[in-house]
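Asks: have a look; sequence and predicted model below, questions after that.
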Amino acid sequence: MSTATHRTTPSTPGAEEPLLRVQDLSVVYEPVGAPATRAVREVSFEVGRGEFVGLVGESGSGKSTLGFALTALSKPPARIESGSILFGDVDIASMSAEELRTQRQGGFAMVLQAGMNTLSPVRTIRKHFHDIFAAHRHVAPGDRDDRAAELVGRVSLGPEVLDRYPFELSGGMRQRVTIALALSLEPQLMVFDEPTTALDVLVQHAVMDTIRELQAQEGFTAILISHDLGVVLESAHRVMVMHDGRVVEDAPSEDILRRPQHEYTRMLLSHFADPRAEHVALPGLEAPVAGTATSAPSASSSPAAGGGLELRVQGVSKSFGAPRRGAQPVLAVDDVSFTLAAGGATALVGQSGSGKSTLAKLITGVEKPTAGTIHVGDAEVGSLRRKELRDLRRSVQMVFQDPYAALNPLSTVEYTLTRALTNLTDLRGNALRKRLHELLETVGLTPAAQFAAKLPHQLSGGQRQRVVIARALAADPQVIIADEPVSMLDVSLRAGVLALLRDLRERTGMSLLYITHDLLSARLITDDILVLHDGRVVESGPTAEVMRHPQDEYTIRLLDAIPDPARVHGARPDRGDLP
Amino acid sequence: MSAMSTALTTTFTASIRTVWGNRKARIGLIILGLFVVLAVLAPLVAPYGPEDNGFERNQGASAAHWLGTTAAGEDVLSQLIFGSRISLLVGFGAGGIATVISVLVGLSWGYVRGWLGDVINFVVNMFLVIPGLPLMIVVATYLSNGGISVIVAVIAITGWAWGARVLRSQTRTLRGRDFVEAARFSGERAPRIVFREILPNMTSLIAGGFFGSATAAILAEAGLEYLGLGDSTVISWGTMIYWAQNSNALLTGQWALLFAPGLCIALLATSLTLINFGIDGISNPRLREGSTGR
């Protein structure tokens, strides 16, 4: 690992030629009818042969733009404004389309974020391989099947997947296939753009393992682009941290972890914590200490204004019709029972397909349970009529997962909130306006008047999620269901939104059902936890207890899947020098 | 609702800017603009009245009559200029009505579930399988000589079904979005969700559909008039060709009589198609916001 030892770029003459040399690269976006934005600013770096480099940054940092430029996939309105990208000794930017196509064999390849969706749905996996072999003619027709089988073998898949269609494979398997397809051209450089972001936690972990092993075996040069510093630190030898289009830090992973130089890197690192630890804290957010997790106002000290309602789920099951004739119906939720105390906070944890979102739909009355009952206070949700269901919205509200999708892109914040207030409360005119400003202030969007006039695209992800929360709060609900409210947000924004949710609960005494796959956030803002697996509750109890002493194997696997750079690099990071 | 109107104004100006930014669309807008100016200012621009038939018949091009005169002794250029009024009127009238019907049907169809959807499906499919031109001919003959409004109605009735189908599938996609679900959680009722939350997000599809139907309407109007199924006393590009054909204009060497209105129809249809190229950009917020991240 000689490459991981040199601190930064200036290449020592006489040493091995770097595979990729980027000099003063700037990429600019020039959309029609809008001002141009510079996404990558004067970036220079080198990547040596066989090196595994991570590229980390939050959304908008320019990391993907850089990745696209490196593999000559930049499309208008993006344009390489200045600088050069030398791959070996050719400048990528000046290559013609045909030169680019032929060099893809033995040159560079890219695995995309939603790579599993890049497979053609009407062709088998075998045909995908044959297409590539035929296009580059580097494998003799007779050897193609063997070669394809060997390639899928390298990404830990059996040869039987070759005869499957993409839709017959899971997301993780498809992502492995795209990696194998990229490998089939024996590239010298592989760029992975968020290869696991669209996958489930457990699958994510397994795919990253495959990538790591492959890189060690095959010795190709890899650039891993990710927003998740944990994933990158676990895998890469060297990490480049991007912020606002610039590389602000470029150092071996060990150094990034232990001796981060740049303020921004330190900030990113400070948002990592191990949910299993006794004390867990993020900037501005501290979890209740294990064993004393009884911060919920108990029934006796029931809070004043608003207050919470008890949520009682008893033996609830939900099955969906069989996908095909003759197949078994899908049992999404299987005999789940729990009680969320008035004013309590419970986490519902599990990977996708575990039934947690279905449970949320059942509780909010969007779907009706096949069996069992759900009570919110005295109302039985399953038996409500449409009119009564609308009344239920006053007491049960929902915070959506994706703040980029949960707001109508054409409505101002004021309109969005006004509608909720008009429909769910009796406030009108000035009182309504006053309440609207109050709401915005509650969620920390001040000055309220200024934010009220904004359109969603003028707000950051964190601000949008605050608007979504404000809308949910419009009618002073007694129960809030938050469905992965921070999973789409940058790490630096997560703590703020989580702290807001926790403070709101403490102030108003509402009950919170927090749905997530992220155990760290569950540890930080909830008192109790339910772990769901295949629609069944496999473990439940006080959050801190379950995290510190997990009993079920599935819970343990979930906990293990959390990227932990410290585990790879020996010990826990020394946090003494962090601000 | 000032918030709503400002939002719409912002969207509208941004849309115009997006369309104008596309070179093809800009050419289309310029051509269309010229025709509109010509149609509005026809009495001022045209050298003679469209129905003045006091000139010598079957004249070739001359300084007094740039495009010659018809078999009835009318000035071809003046007829051409006045004829643009009918084409634009029918195009935008029939296109507009067809678009309104397709929006109403498409959106409600996309939003409802169950048997009602099947009923609408049946009706729309019926309009789709009946061949357009024969249906138009049948209806036009049945309502013969009802004037230009009949033509508009006939074209609108036969032209909305395809747009409805397109809008229905887009509505289906949008109704699954979080913001629609969120609107339901805010206590919104179905009509408001459909027309206030979903509809504005389909502006580009609707605008595209409108220009598409307008093009089809202009061509259909010319076709019907040419077949003599319209009101042949009205002066339009279609009737000009109809009369030119009747008087064997090509045999007498008066190619301008056929060629000029034909070219105008083609140009107008082309301009609308060109505008449609630019409309794609409206729906793509990435192009508008110019951001790369999310």
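Replies: All right, it came through fine.
Asks: which helix or strand contains the residue nearest the centre of chain B?
Replies: By Cα atoms, centre = their mean, chain B has its centre lying nearest to B:Ala214, at 1.1 Å. Here B:Ala214 sits within helix B:203-226, counting by DSSP states H and E.
Asks: is it true that A:Ile85 touches A:Leu73?
Replies: No - when contacts are counted by Cβ atoms under 8 Å, A:Ile85 is not listed as touching A:Leu73 (11.9 Å). C-beta coordinates here come from the backbone N, C-alpha and C atoms, glycine included.
Asks: do you know how far A:Glu278 is from chain B?
Replies: 36 Å (Cβ to the nearest Cβ, to the nearest Å).
Asks: neighbours of that residue, how many?
Replies: Applying other Cβ atoms under 10 Å in any protein chain shown, we find 11 residues neighbouring A:Glu278.
Asks: need the pLDDT of A:Gly106.
Replies: At A:Gly106 the predicted local confidence, pLDDT, stands at 72.
Asks: and for B:Gly293?
Replies: B:Gly293 is assigned 31 on the pLDDT scale.
Asks: sec struct for B:Arg113, please.
Replies: Per DSSP: H, G, I helix; E, B strand; the rest coil, the local secondary structure of B:Arg113 is coil.
Asks: so whichever residue of chain B sits closest to chain A is in which element?
Replies: Per Cβ to the nearest Cβ, B:Gly187 is where chain B lies closest to chain A, at 3.0 Å. Using DSSP H and E, B:Gly187 sits in no helix or strand.
Asks: any idea how far the closest residue to it other than its chain neighbours is from B:Ser108?
Replies: Residue nearest to B:Gly187 in three dimensions, not counting chain neighbours: A:Asn423, with 3.0 Å by Cβ to Cβ, 6 or more residues apart in numbering or on different chains. Using Cβ to Cβ, to the nearest Å, A:Asn423 is found at 21 Å from B:Ser108.
Asks: now do the helix or strand the residue nearest to B:Gly187 falls within, average pLDDT.
Replies: Applying DSSP H and E as the criterion places A:Asn423 in helix A:413-424. Average pLDDT, helix A:413-424: 91.
Asks: what helix or strand is the spatially closest residue to B:Leu219 that is not a sequence neighbour on?
Replies: Distance criterion Cβ to Cβ, 6+ apart; nearest residue to B:Leu219, sequence neighbours excluded, is B:Ala269 at 6.0 Å. In this structure, B:Ala269 sits in helix B:255-283 according to DSSP H and E.
Asks: check A:Leu532 too.
Replies: A:Leu532 belongs to strand A:528-533 when assigned by DSSP H and E.
Asks: before we move on, what about A:His138?
Replies: Short version, using DSSP H and E: A:His138 is in no helix or strand.
Asks: number of residues surrounding it?
Replies: 13.
Asks: so what's residue 162 closest to, chain neighbours aside?
Replies: Went with chain A since none was named. Nearest residue to A:Leu162 in three dimensions, chain neighbours excluded: A:Arg126, at 4.1 Å (Cβ to Cβ, 6+ apart).
Asks: correction: the question concerned chain B.
Replies: Here the nearest residue to B:Trp162 in space, its sequence neighbours aside, is B:Leu128; by Cβ to Cβ, 6+ apart that works out to 6.7 Å.
Asks: what's the pLDDT at the one you found?
Replies: pLDDT for B:Leu128: 87.
Asks: residues in contact with it?
Replies: Counting by Cβ atoms under 8 Å, 6 or more residues apart in numbering or on different chains, B:Leu128 makes contact with B:161-162, B:165.
Asks: in a markdown table: those residues, plus pLDDT and neighbour count.
Replies: Output for these, formatted as a markdown table (pLDDT from 0 to 100; neighbours: other Cβ atoms under 10 Å in any protein chain shown):
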| residue | pLDDT | neighbour count |
| --- | --- | --- |
| B:Ala161 | 90 | 22 |
| B:Trp162 | 88 | 19 |
| B:Arg165 | 92 | 19 |
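Asks: might one say that B:Ala61 is in contact with B:Ala256?
Replies: Yes - the criterion here is Cβ under 8 Å, and B:Ala61 meets it with B:Ala256 at 6.4 Å.
Asks: who has more neighbours out of the two?
Replies: Neighbours per residue, other Cβ under 10 Å: of B:Ala61 and B:Ala256, the larger number sits with B:Ala256, 20 against 14.
Asks: ok, now which ones touch that one?
Replies: B:61, B:67-68, B:76.
Asks: can you do 10 Å?
Replies: B:60-61, B:65-68, B:76-77, B:80, B:244, B:249, B:263 (Cβ atoms under 10 Å, 6 or more residues apart in numbering or on different chains).
Asks: want to throw those residues into JSON lines with secondary structure?
Replies: Shown next, in JSON lines, are these (three-state DSSP):
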{"residue": "B:Gly60", "secondary structure": "coil"}
{"residue": "B:Ala61", "secondary structure": "coil"}
{"residue": "B:His65", "secondary structure": "coil"}
{"residue": "B:Trp66", "secondary structure": "coil"}
{"residue": "B:Leu67", "secondary structure": "coil"}
{"residue": "B:Gly68", "secondary structure": "coil"}
{"residue": "B:Val76", "secondary structure": "helix"}
{"residue": "B:Leu77", "secondary structure": "helix"}
{"residue": "B:Leu80", "secondary structure": "helix"}
{"residue": "B:Ala244", "secondary structure": "helix"}
{"residue": "B:Ala249", "secondary structure": "coil"}
{"residue": "B:Leu263", "secondary structure": "helix"}
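Asks: show me just the buried residues among these.
Replies: When the contacts of B:Ala256 are checked for burial by 16 or more other Cβ atoms under 10 Å in any protein chain shown, the buried set is B:65, B:67-68, B:76-77, B:80, B:244, B:249.
Asks: okay, the closest residue to A:Arg276 other than its chain neighbours and chain B: tell me how far apart.
Replies: Leaving out its chain neighbours, the residue that sits closest to A:Arg276 by Cβ to Cβ, 6+ apart is A:Met547, at 5.4 Å. A:Met547 sits 30 Å away from chain B, going by Cβ to the nearest Cβ.
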